[in-house]
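Chemist: sequence first, predicted model second:
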Amino acid sequence: MAEVVIVPDAAAAGEIAAHEIEKLVRRKPDAVLGLATGSTPLTTWAALAARHLDLTGVRGFALDEYVGLPVGHPESYRAVIDREVVGPLGLTPSLVHVPADSGRIETAGDDYEVAIDAAGGIDLQVLGIGRTGHVGFNEPGSSFASLTRVKTLAQQTRIDNARFFDSLEAVPTHCVTQGLGTILRARRLVLLAFGEAKAGIVADALEGPLTASVPASVIQLHPRVMVIVDDAAASGL
Ligand code: GLP
């Protein structure tokens, strides 16, 4: 069973997650972090930045990326990771990878797996959770053994993420995402979720059956998981 930490708000959760990352980096200055996008990890990055650690040796692998956005698009996860993580935390840009960085979609999945393996694997993977139960962009139906690959986005996810784009039509239809098997191979997982809208899916992921219908339920298979939720997101537990 995952270690579940219930806190009053997202700021408190960010402090706890930042503390876990700080402990890792003090022990291993070239630690490999798995980086999530979305609104959920923002308080973690803010709390970590406030600690003014030297993170220049830390290596990073983003969970996912849209397919089809022009290079430099502000909502591409490359741009989001640079703006919200690399800059504020003082990471070394060349050490932070995003799927399909090379632009070669056909080989993006395999290339990413090779790069993660070459880095020695991910030490700590930060995760949010989508309302469909997705982690990364592993939508319902994703295999628990899946590796990084191209996927179709669920319509609910496109609707949820349309707020970052001019219209629903502007939201990409496809993505490249680390697989659930990739995520399982990280040595440690820290999953965060906030707000009432996540309460149902958090309960399903943590206490429901292991099922590809709830991709985040895969975390029940991982031996070292910390789940940090606010009171609202914990209300279904
Ligand atoms: C996005 C991302 C996920 C993220 C999730 C939740 O679509 N691809 O990695 O965890 O949806 O987003 P948010 O944290 O904004 O609720």
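Modeler: Done, it's in. Residues are numbered from 1 along each chain as shown.
Chemist: switch to C-alpha atoms for all contacts and neighbour counts from now on
Modeler: OK.
Chemist: ranges for the helices of the protein?
Modeler: 10-27, 42-49, 77-81, 87-89, 105-118, 155-161, 180-185, 199-207 (DSSP state H).
Chemist: let's have those helices in a markdown table, adding mean neighbour count, mean pLDDT and distance to Gly128.
Modeler: What follows is those, written out as a markdown table (neighbours: other CA atoms under 10 Å; pLDDT from 0 to 100; distance: least, CA to CA, whole Å):
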| stretch | mean neighbour count | mean pLDDT | distance to Gly128 |
| --- | --- | --- | --- |
| helix 10-27 | 18 | 98 | 12 |
| helix 42-49 | 20 | 98 | 10 |
| helix 77-81 | 21 | 97 | 14 |
| helix 87-89 | 17 | 98 | 19 |
| helix 105-118 | 16 | 96 | 20 |
| helix 155-161 | 15 | 94 | 13 |
| helix 180-185 | 21 | 98 | 12 |
| helix 199-207 | 21 | 98 | 10 |
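Chemist: out of the ones you listed, which gets nearest to Gly130?
Modeler: Closest of the helices of the chain to Gly130 is helix 155-161, at 7.4 Å (criterion: CA to CA).
Chemist: can you tell me what sits against that closest one?
Modeler: Around helix 155-161, the neighbours that count as contacts under CA atoms under 8 Å, 6 or more residues apart in numbering are 130-132, 168, 171-173.
Chemist: among the helices of the chain, which is nearest Ile228?
Modeler: Ile228 lies closest to helix 10-27 among the helices of the chain, at 6.0 Å (CA to CA).
Chemist: centre of the chain versus the closest one, how much separation?
Modeler: Centroid separation for helix 10-27 versus its chain: 15 Å, with CA atoms, centre = their mean, to the nearest Å.
Chemist: what residues does the protein put near the ligand?
Modeler: 36-40, 127-130, 135-137 (CA under 6 Å from any ligand atom).
Chemist: and the residues you listed, which of them are buried?
Modeler: Among those, those buried by neighbour count (16 or more other CA atoms under 10 Å) are 36-37, 40, 127-130, 135-137.
Chemist: now the two most distant members of these.
Modeler: Pairwise over these, using CA to CA, the maximum falls at Thr40 and Phe137, 14.5 Å.
Chemist: next one: phi and psi at the residue positioned nearest the centre of the chain?
Modeler: The chain has Ala36 as the residue nearest its centroid, 2.7 Å off, counting by CA atoms, centre = their mean. Geometry field for Ala36 lists phi and psi as phi -100, psi 150, criterion degrees, to the nearest 10.
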